[in-house]
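Colleague: here you go, sequence then predicted model.
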Amino acid sequence: MAVRSNNEVLMCKMFPSSLGPVAMKWFDALEEGSIRSFEELTRAFGARFITCSRVPKPSDALLSMAMREGETLKAYSDRYWETYNEMDGDVEDVAVRTFKVGLLTEHCLRKSLIMKATVNMRQLMDRIDKYKRVEEDQIQGKGKAKVFPERKDPRGMGY
């Protein structure tokens with residue numbers, strides 16, 4: 001390992017003493033000469049063992065989301081909230097205002113959100129949950145024949 005300073009030499013020598021058995025096995029398996037500085041060692045270690053680092057999605061990521069034809073409300077909202085959770089910063093207002101934009105034009109929830117807008121995340125989540133339950137009931141009800149007795153208008157005018 002070609003190092004640049006006494007500090008790098010010391011860090012490279014001390015580095016293995018801070019490793020657990022899995023990381024030590026990785027360190028021992030490094031090819032001789034493959035790492036030329038402590039900085040390279042740090043990058044290689046990070047690339048192999050640091051999995052919690054993620055690049056946050058841009059704030060306009062929610063604006064490009066749209067419900068696909070045939071997609072359930074549950075699937076769309078799951079995708080939407082997954083994207084929302086991958087964003088940094090306070091984007092709650094954007095989420096509340098833009099969720100309906102991604103819904104299919106003819107979707108009942110979209111019509112409901114246009115008629116009576118939600119003002120906060122809690123209201124939006126409650127409304128989505130209500131419509132998801134209705135959708136799930138409809139999906140479960142398919143295949144089951146529902147028979148409703150025909151009701152007649154007492155005046156003899158049909159319904």
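Modeller: Perfect, thanks for sending it.
Colleague: give the next helix or strand downstream of the least confident helix or strand in the chain by mean pLDDT.
Modeller: Least confident helix or strand of the chain, by mean pLDDT, DSSP states H and E, is helix 6-14 with a mean of 66. Per DSSP states H and E, the first helix or strand lying C-terminal to helix 6-14 is helix 21-28.
Colleague: am I right that residue 77 is in contact with residue 135?
Modeller: No: applying CB atoms under 8 Å as the test, residue 77 and residue 135 come out as separate, 10.3 Å apart. For every residue, glycine as well, the C-beta is placed using N, CA and C.
Colleague: for these two, indicate the residue with more neighbours.
Modeller: Legend: neighbour count by other CB atoms under 10 Å for residue 77 and residue 135, higher for residue 77 (22 against 16).
Colleague: quick check: residue 130 vs residue 124, distance?
Modeller: Distance of residue 130 to residue 124, computed by CB to CB, to the nearest Å: 11 Å.
Colleague: between those two, which has more neighbouring residues?
Modeller: More crowded of residue 130 and residue 124, by other CB under 10 Å: residue 124, with 20 against 12.
Colleague: sec struct for that one, please.
Modeller: helix (DSSP: H, G, I helix; E, B strand; the rest coil).
Colleague: go on, residue 65?
Modeller: Taking three-state DSSP, the label given to residue 65 is coil.
Colleague: ditto for residue 36
Modeller: Secondary structure state of residue 36, per three-state DSSP, is coil.
Colleague: that one - how many residues pack around it?
Modeller: Counted with other CB under 10 Å, the neighbours of residue 36 add up to 12.
Colleague: and the next helix or strand past the helix or strand containing residue 47?
Modeller: Secondary structure assigned from DSSP H and E places residue 47 in helix 38-49. Note on helix 38-49: by DSSP H and E, the next helix or strand toward the C-terminus is helix 73-85.
Colleague: hmm, back to that, same for the helix holding residue 47, what does it pack against?
Modeller: Using 3 or more CB pairs under 8 Å, 6 or more residues apart in numbering; DSSP states H and E as the contact test, the elements touching helix 38-49 are helix 6-14, helix 21-28.
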